Every structure is written in structure tokens, then in C-alpha cells.
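[1] My questions concern the predicted model and sequence given below.
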2 protein chains.
Amino acid sequence: MSKLHIYNTLSGKKEEFKSIIDNHVGMYVCGPTVYSDVHIGNVRTFLSFDIVYRYLKYLGYSVRYVRNITDVGHLLNDADSGEDKIGKQAKLLNLEPMEVVQHYTNGFHDVMKAYNITPPSIEPSATGHLIEQIELVQEIIDQGFAYEAGGSVYFDVKKYNESHHYGKLSGRKIEDLLSNTRELDGQSEKRNPLDFAIWKNADESHIMRWNSPWGEGFPGWHLECTVMSTKYLGDTFDIHGGGMDLKFPHHECEIAQSKAGGKSDPANYWMHTNMLTMNGAKMSKSVGNVVSIEELKTGNHDLLEKGFSENVIRFFILQSHYSSTLDISSSALSASEKGCEKLMKAMETLKELKTSESSTVDVTALQEKCVTSMNDDFNTPILIAHLFDGVKMINGIAADKETITEIDLAQLTKTMNDFVVDVLGLKATTKTVSQDSVTEELMQLFIQLRKEAKDNKNFALADEIRNKLTSLSIELKDSREGTTWEKN
Amino acid sequence: MSKLHIYNTLSGKKEEFKSIIDNHVGMYVCGPTVYSDVHIGNVRTFLSFDIVYRYLKYLGYSVRYVRNITDVGHLLNDADSGEDKIGKQAKLLNLEPMEVVQHYTNGFHDVMKAYNITPPSIEPSATGHLIEQIELVQEIIDQGFAYEAGGSVYFDVKKYNESHHYGKLSGRKIEDLLSNTRELDGQSEKRNPLDFAIWKNADESHIMRWNSPWGEGFPGWHLECTVMSTKYLGDTFDIHGGGMDLKFPHHECEIAQSKAGGKSDPANYWMHTNMLTMNGAKMSKSVGNVVSIEELKTGNHDLLEKGFSENVIRFFILQSHYSSTLDISSSALSASEKGCEKLMKAMETLKELKTSESSTVDVTALQEKCVTSMNDDFNTPILIAHLFDGVKMINGIAADKETITEIDLAQLTKTMNDFVVDVLGLKATTKTVSQDSVTEELMQLFIQLRKEAKDNKNFALADEIRNKLTSLSIELKDSREGTTWEKN
């Protein structure tokens, strides 16, 4: 059996995964900044790590999964001169910043739930860890890698790079970074343009502020993740994840802060998810191809022919590897919808398969292929391809073209459930429209009435029932096994 | 028109409500301690303040509603010698305390959502306000109302009572409290048995701990609410609410802490919700009458004949005034279920009423009675009684016994929607079992098929349809207006 390998950004290679503590994994993922609605790019990132989380559990690991909420300190631009994003939004709406935070946190949680993304074990917030952040700032100053200026504290990148390696994760060289940076004007408090704030002085107008040894202020954005990851997972933990856009400077700074604060390298494996495009281009207002989560669901957008369920979008996202760019389009989503329904249909057929004395299908090989694909850096598109081999198997058995023994059927059922429901987190439903048990009961009644009508040679009534159902986009399918139905 | 009056625990009287700032209300409610599943008593408290929130909004107020999450510092007993509840649970499960917090916070949010309880504007947590709590402890020490002992800081109740009034909310007298208290043994660090910890030294085994001027420790439970309410609502705000069990000592201590910390009286109106019983007795494990939220829904409990939807339980709770004790029983819930369905049925009938030249019903009087009942300290049982006058009106009009003009119908519709959906927060559904639009379409098809059968004198088929539906507990009701259906 193969072993789990993960593409580690730190080494630039796929490496065999070895956890620090046997059977336990600590994983940290940078969560959302809650100053606006979550977008589909965020969903892709958190869904990708949901798969990592689910597959690690499938492998038998006990996983402590920490994903934070950034509710303060994310500046408008990396030059540290921008206004706090959440503070700005709050003033706009004439609200308390934490009211903005609450609103968008609730919205974020609703979307995560709709997409069946498992909640993390701990979801800490930046404002919940001020004391720890102030302590780390002090420690970095004490170690000589940060300096205070005008009530702010800056990380001294050049000084750090003398004894450590700034750029080890992103592969950037400090000389190149310096030559690409504008000279500091006389106004800047920084000694060097690469330096970044780990504590920021709050001017009069800044509403989110706390007392500190350097006066009233707020923590730098990079700092919170260093503090929260190590607080709950230890100084060095197994996996650190996030969107590719966070690799530099955010994650690079996290490593620097940890080491400058006297801790070790924070994570053994760094994972980064790739970006999304819409109709071939990066989503942007000027291009007009920004599609919201809500619009994806309702289809209320010029670029969408129709709306798609979260289950279908989840399936669609997982048809690409997390490290590839993913292009969204209405036609690609429609294709995924068909694929998803075919898979789910097979999951239902699976429940009714009949067994034989011998098997003409190789279930063990199927299960091994599923594991092998996921062991190869969580390769969900390959896994899905194998699951469609399973679909072929199931439909072949249902059509009496293949046979399966009782033992093999049990293994096939387990494999399909493990990978479709538990690992990929797809909801086992054949229908796009939700249906409760009442609907099912009523449909069985129609099917029965129609059968009776046919048995009584009352074909007019039988046809009427079929036609009326068709007018509701409900299709009846007759087969040797009986009649089933589907809503289109 | 009457004006809103609130029973104020502080004065022991119903008082006319006057907000500090015109058209704005600040309200703080003590939220859950997230170390166990939320119980139906919690639901009642938060539902009661949901009604306050909703009705204030109905009156046109802009409300900032703060409800906290207690994720640290709630001790096992009021003697302050118990272990931190969350910490204990964490050790038991061999989990990080914040993992326990996350688990039960998620569960709490799920229940709030199921009961259609509006999320607060801000939901701050105790661990998110350590700096502010430490600052308040220091301020109380500086003002001379607290002392440090062995790394903990205690509030000096006797000293405070010399210049202020400890007991003003609960009506307790410090002399009585003292005479009812055991003498301190030589071990206690307290100067006086009534003193309470505002900062607690963390011993070696305590896992939730933060640095402070008094060493590593954690804040006293009473402190967090003082800090979080005033941070987001100002030193004095309009309404402070909570369960009756919090009046003493928790809320009494909040007042003392605010005033000892140099602030004013925290809230102008203090509101307390009453307790629940089950089959006439306080829920307790020894009596065997503890019913969980889950059991209420499924009916899986010896004391319940069946399960009830959250909408029905919500209606049931609102049939009592928040300040009365409320007894839960299977028969009372069943009665509420019938009442709730009757009300919701009328809400549907309302949509199809025909108008006349004149009205025989007085809609303005109905609307005024609804407002008057809610203005009388949020009297939901009286409001519901008036809404049933509305039901009578609606059914009378539907049966041609009463008439209504177009203008009056618009007002009736608005009144019923305002109070049933917006103020009481009931979901307008006639059925206990959820039904989506597919079910409705299918049922209309059955009704149509049966009508055609009858028109064609095919009574056998018409009866068969009715009987088959009956077997699914679906009842068809024929009337002059056509056929409707109901699932029992």
C-alpha cells in the first residue's frame, strides 16, 4: 500500500508525510478576514483543507484542526500604511467594528455549512489573543529582531536575515526584494522598506485599539497566526495551509516571527491552494466576471445559465487538484452537475444490487486505487475518476453484465461510502432540488396508481399521470426492477 | 396609544421605557457558558430577549444587542474554590479547552438557528477581552475596592458597601448575607466570606491561564460581563437581561464592579426571565425529568408522547410571560401544537380572503390591542390571545360571516404578519413536517386527478386516491372554495 505524500512548499517537493506524534496531526489554516462576504475563492481554499482534514481522519489520524478568524489588524496594503479594513467598513456603516465582524462571521459560517465544510476543532480570533501577541512582540524585541518607533514596533528583516533565512518558504531573495522596493521617504518610521509592523500605533481615529507597553495600538496582521497556531498546536506542528496569495509575505513573516521569538520552525509541511478564474480571467469588477456565492446558487448572473447546488459546486471544485488553477464557467458547472448526479444515482443503485456466487469485478483493486490517488497529495480529480470506475462497476452489476459476491459487495459499499461521503464530503442525494420523505411517499403513490391503471388497461389515466408529472419536470423511468423517478 | 413599560428588577416596578439616546437601544444579555449542551431553559431565556429585541425593532428602535459567550472563568461553585468548568471537561476528554468551547459553541449556534432566535449584533467572548478585564481589576484595586492575595485579586464587598449599596438589585442585605455565611477557615485568602475573586491565580494544573500583574491566572466570572457590556454599549446602557438565577450574585457583582471601577450604574433596566419545570418539578437527574433539546424534537423520552418542532416549542414558550415559571409537559406541548397550527392555517387563509364594500370587523382595534399587550412588559400570552381574535376574524370572513374592505384587509395582513412573523418570530408554516414546493405541486396534482375522477363519475378512483393519501396521514378537505390538504 502506498503512503501519504504531500507537496511541501518549503522543499518544493512531494514528501512522505510523517506526523510529529504518532497517529496525531496538528493543522493550521489561515481563515477569513471578516470584513466582507466570503467569496468562492475562499470556499475553494477551505474546502481543500476540509479534504485534507477528512482524509487524515480516514487514515486513522486524530486531527486538531485550527482555522482562525481575522477580526482585526489586516491592513489595506502591505506597506502597512493603510487603514484597518474592518475599522473602515465600520465607520462607513456607522457601526461598532465588532458588529461588522459578527455580521460577516455569521455569513461565513452559513456558507461553510451550506458547502458541508467541517468546522475546525478550534476557531480562534485575533482579538481573542491580544495578550499573547503583545508578549510575542516583546520577546522579538528582547531577542533583538524588532524595534519600536513612534508607538509601533517593526520587525527588522535585514537583521533577522543575518542569522536566519528570510525567504526560505517563498524562495524570494532579500537582495531582489530590496532592489524592487522604493526608497523610504523621510516620513517612514521603518529602518528598511522590507520591515513590517508587528504592533501598530493607533492614531486618534482608529477605533480598534488596546493598551500595550508601546502605547495604544493593535497587532500586525502576520502576528496573529504565529500566536494562535503555536498556542493550540505547539511551537512546531505538522501542517500549515492557506491560499497561495498568503505564501509571501504572510507565511514568510510567520516563519520569521516564530524563529525570531525563540521558537522553532512553525510547521513541517506548508500547503498552498491555487487561485480561481471565471471564464478564463481573474475575477475582477472591471472585467465584470465577479460571481458571488449567492449568484452561483441562484444563477442570477449574466455569465450563468442557471443556479447550482452547493453539492454540485463542491463536486466541481474537487474535480481539479487543489494546486491547479480552477476555471469556473457555466458549462463546466453544468457538466459537473451531470457527473455528480450520475455518481449519486449509482450510490442509490448500489443499495439494491443483487449478489452472486462469484465476482467478475475487482473491488480490492478499486479501493487501492482510491487510496493511492489520495495518498498522492490528495489528488481528488484522480480519485473521482476511480470512483467513476466504481459507478461503471455498479451499473454493470445492476444490468446483469457483471456479478459480485456478498463479501465484495460489502467492500464496494464501504469503499464508495468512505470516499464519496466521508472523504469527498458529498451529500448522497440524486436530486438538485431538495426532497423530503413526504415527496418520496407521494411519488410512490403516483407510481402505484399508474401501475394499477396500466394493469386495468386504463392507459388514458396512466398516460395522464405521466404527462402531468412531466409538466412538473418529473420523469418516470420504467425498468425491469420497477419504476423510479427523477426531477430534472 | 400606550407606551412601552418594562418591569425593572432594580426598582421592583413596571416603568415606562425611555432610551438614553433617542431611537437607539443598547441591550446586553448574559449568554451561555459553553461547557455543555444548551438546555431548554437557556432557550427560553434567549428566546425571551429575542422577543424584546424584535419588539424594540418593531417600535422603530435601532438596537445594538450584545450577548456574550462565557468560554473561561465560570467556577464550579460560588465559593470560588471549584475548578474551572471548561478546564475540567477538557481534561476529561483529553482535549484542549478551546476545542471543548468550539464544540459547544457550534452546538449552541445550531440550536439558536433552529429556534429562529436572531443572532445578536455582537457576540463577544471572555477570552477575547483579557486585556480589558485586567485593566478593570487594576482600576478597582486603585480605587481601593479590591486587594491582592496569593496571586488572586478579591473584591472587598464590605469596603464597597460602606460607600455604595451592595444588594441594590437583588434586595439582599449584607448583614443577612454575612450571618448566613460560614466563617472562613484559616486557609482562605479572603478577608471576608462575601468577597469574590475578580482575578484568580492559576495553579499548576490549570490549563487556561494568562499573564497579569498578579502572576498567571484567569479572570473571575462576574468580571467579563462588566467589561464586555460597557465596552460595546457604553458605561451606562439601556437594558441588561439574563436568567433569574443570575440576579444574585452575578448581576449584583456586575453593578458593584462597574461602580467600584469608577463607572456609573451599568444599566437602567434590569430584566430577568423565570425558570422552567418539567411535569411540575424542576428538571433534575434524580427525578428523571431532564429532557434535552434533542429529545424534545424526537420525542425519545418517557415523558413525551411525541416529538415537537422548534416552531411549536417556540409558540409554547411564548404562551407564558417571561417572568412566570413555565411548566413543560407532553400534553401542554400537544395543545400548543394544535394552537400553533390553527394560527398558521389562518395566516394562509388570510392570503385568499375576498374583500367587500364595508367591514364588519375592527382591524384598528385589533392592532392596538396587540401593541398594548406588548407594551405591557412584552406580554406575549396576551398578544397571542389577541392574535386568536384575529384568527376568528379571518375565519369569519372566509366563511362569509364577516366582511372586510380592501384597506382593512391590508391592515389586517400587516398586523398579523408584524406580530406573528416579525415580533413572535414564528415560521409561517401550517405543517409540523417540513414540505417543499415539490410536495405542494404533487398534492395539487392528486387533488386535480381526484376532481377529474369525480367529474367522470369514477368514484372508485376518487375514493382510492383519498384512501391512499389517508394511509400517508394526509387528509383532503373539500369546501366551497375547493380542496385543501393537511398532513397530520
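    Perfect, I can see it now.
[2] Show me what counts as buried in stretch A:390-400.
    Across stretch A:390-400, burial judged by 16 or more other C-beta atoms under 10 Å in any protein chain shown covers A:Gly390, A:Val391, A:Met393, A:Ile394, A:Asn395, A:Ile397, A:Ala398. For glycine as for every other residue, the C-beta is placed from the backbone atoms N, C-alpha and C.
[3] and the next element down the chain from the least confident helix or strand in chain A by mean pLDDT?
    Sorting the helices and strands of chain A by mean pLDDT, DSSP states H and E puts helix A:85-93 at the bottom, at a mean of 54. Sequence-wise, the next helix or strand downstream of helix A:85-93 (DSSP states H and E) is helix A:97-114.
[4] Need the CA coordinates for that next one. PDB is fine.
    The C-alpha coordinates for helix A:97-114 follow below in PDB (Å, rounded to 0.1, in the frame of the first residue of the first chain):
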ATOM      1  CA  PRO A  97     -16.300  47.200  14.300                       C
ATOM      2  CA  MET A  98     -17.300  44.100  16.200                       C
ATOM      3  CA  GLU A  99     -20.800  44.400  14.800                       C
ATOM      4  CA  VAL A 100     -19.300  44.200  11.300                       C
ATOM      5  CA  VAL A 101     -17.200  41.300  12.400                       C
ATOM      6  CA  GLN A 102     -20.200  39.500  13.800                       C
ATOM      7  CA  HIS A 103     -22.300  40.000  10.700                       C
ATOM      8  CA  TYR A 104     -19.600  38.600   8.300                       C
ATOM      9  CA  THR A 105     -18.600  35.800  10.700                       C
ATOM     10  CA  ASN A 106     -22.200  34.600  10.700                       C
ATOM     11  CA  GLY A 107     -22.300  34.800   7.000                       C
ATOM     12  CA  PHE A 108     -19.100  32.900   6.700                       C
ATOM     13  CA  HIS A 109     -20.400  30.100   8.900                       C
ATOM     14  CA  ASP A 110     -23.600  29.800   6.900                       C
ATOM     15  CA  VAL A 111     -21.600  29.400   3.700                       C
ATOM     16  CA  MET A 112     -19.300  26.800   5.300                       C
ATOM     17  CA  LYS A 113     -22.300  24.800   6.500                       C
ATOM     18  CA  ALA A 114     -24.000  25.000   3.100                       C
END
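[5] Give me the contacts around the helix or strand following that helix.
    Moving toward the C-terminus from helix A:97-114, the next helix or strand (DSSP H and E) is helix A:130-142. Contact with helix A:130-142 is made by A:126, A:146-148, A:153, A:155, A:198-199, A:210, A:212-214, A:219, A:223-224, A:226-228, A:231, A:257, A:260-262, B:130-131, B:134, B:210-211, as judged by C-beta atoms under 8 Å, 6 or more residues apart in numbering or on different chains.
[6] And for the closest residue to chain B within the stretch 101-250 of chain A, nearest residue in space, chain neighbours not counted?
    Residue of the stretch 101-250 of chain A nearest chain B, by C-beta to the nearest C-beta: A:Gly128 (4.0 Å). Leaving aside its chain neighbours, A:Gly128 sits nearest to B:Gly128 (4.0 Å; criterion: C-beta to C-beta, 6 or more residues apart in numbering or on different chains).
[7] likewise A:Met443?
    Closest to A:Met443 by C-beta to C-beta, 6+ apart is A:Trp485, at 5.2 Å.
[8] ok, that neighbour touching A:Leu442?
    No. A:Trp485 is not in contact with A:Leu442 according to C-beta atoms under 8 Å; the separation is 10.3 Å.
[9] These two: which has the busier surroundings?
    Between A:Trp485 and A:Leu442, counting by other C-beta atoms under 10 Å in any protein chain shown, A:Leu442 is the more crowded of the two (22 against 18).
[10] Could you quantify the relative orientation of the helix or strand hosting the more buried one and helix B:437-455 as an angle?
    A:Leu442 belongs to helix A:437-455 when assigned by DSSP H and E. Following axes from the mean of the first three to the mean of the last three C-alpha atoms, to 10 degrees, one obtains 40 degrees for the angle between helix A:437-455 and helix B:437-455.
[11] Now do helix A:437-455: which elements does it pack against?
    With contacts defined as 3 or more C-beta pairs under 8 Å, 6 or more residues apart in numbering or on different chains; DSSP states H and E, helix A:437-455 has these neighbours: helix A:459-471, strand A:474-479, strand A:482-487, helix B:437-455, helix B:459-471.
[12] Can you tell me which of those is most buried?
    helix B:437-455 (a mean of 17; mean count of other C-beta atoms under 10 Å in any protein chain shown).
[13] Count the residues that sit near the residue nearest to A:Lys259 when sequence neighbours are not counted.
    Of all residues not flanking A:Lys259 in the chain, A:His164 sits nearest, at 5.4 Å (C-beta to C-beta, 6+ apart). Neighbour count of A:His164, defined by other C-beta under 10 Å: 15.
[14] these two touch, right, A:His164 and A:Glu252?
    No. In this structure, A:His164 is not within contact of A:Glu252 by C-beta under 8 Å, at 11.3 Å.
[15] Kindly report the domain assignment for chain A.
    A:5-273, A:277-423, A:437-487 (automatic domain parsing).
[16] Can you get me the start-to-end distance on the first one?
    Domain A:5-273 stretches 16 Å from its first residue to its last (C-alpha to C-alpha, to the nearest Å).
[17] Show me how far that domain is from its chain's centre.
    Between the centre of domain A:5-273 and the centre of its chain there are 17 Å (C-alpha atoms, centre = their mean, to the nearest Å).
[18] number of nearby residues for A:Gly144?
    12.
[19] If you drop the residues flanking it in sequence, what lies closest to A:Val157?
    A:Leu194 (4.2 Å).
[20] Just to be sure, the one you found is in a helix?
    No. Counting by DSSP: H, G, I helix; E, B strand; the rest coil, A:Leu194 is not found in a helix; it is coil.
[21] I'd say it and A:Ser179 touch.
    No. Using C-beta under 8 Å, A:Leu194 is not in contact with A:Ser179, being 11.0 Å away.
[22] List the residues that contact A:Asn68.
    By C-beta under 8 Å, 6+ apart, the contact set of A:Asn68 is A:Tyr28, A:Cys30, A:Gly31, A:Glu123, A:Pro124, A:Ser125, A:Ala126, A:Glu224, A:Cys225, A:Met228.
[23] Not counting sequence-adjacent ones, nearest residue to the fifth one?
    Same thing as A:Pro124. A:Met228 (4.6 Å).
[24] which parts of the stretch 151-300 of chain A sit against chain B?
    Proximity of the stretch 151-300 of chain A to chain B is confined to A:Trp210, A:Asn211, A:Tyr232 under the rule C-beta under 8 Å from any C-beta of the partner chain.
[25] Now do the strands in chain A.
    For chain A, applying DSSP state E gives strands covering A:5-8, A:13-16, A:24-29, A:62-67, A:146-149, A:152-155, A:196-201, A:217-219, A:237-243, A:267-273, A:276-278, A:326-328, A:474-479, A:482-487.
[26] and A:Glu341, which of those strands is closest to it?
    strand A:482-487 (8.5 Å; C-beta to C-beta).
[27] Could you give the average pLDDT over that closest one?
    Strand A:482-487 carries an average pLDDT of 77.
[28] Then stretch A:292-299?
    So the average pLDDT for stretch A:292-299 ends up being 93.
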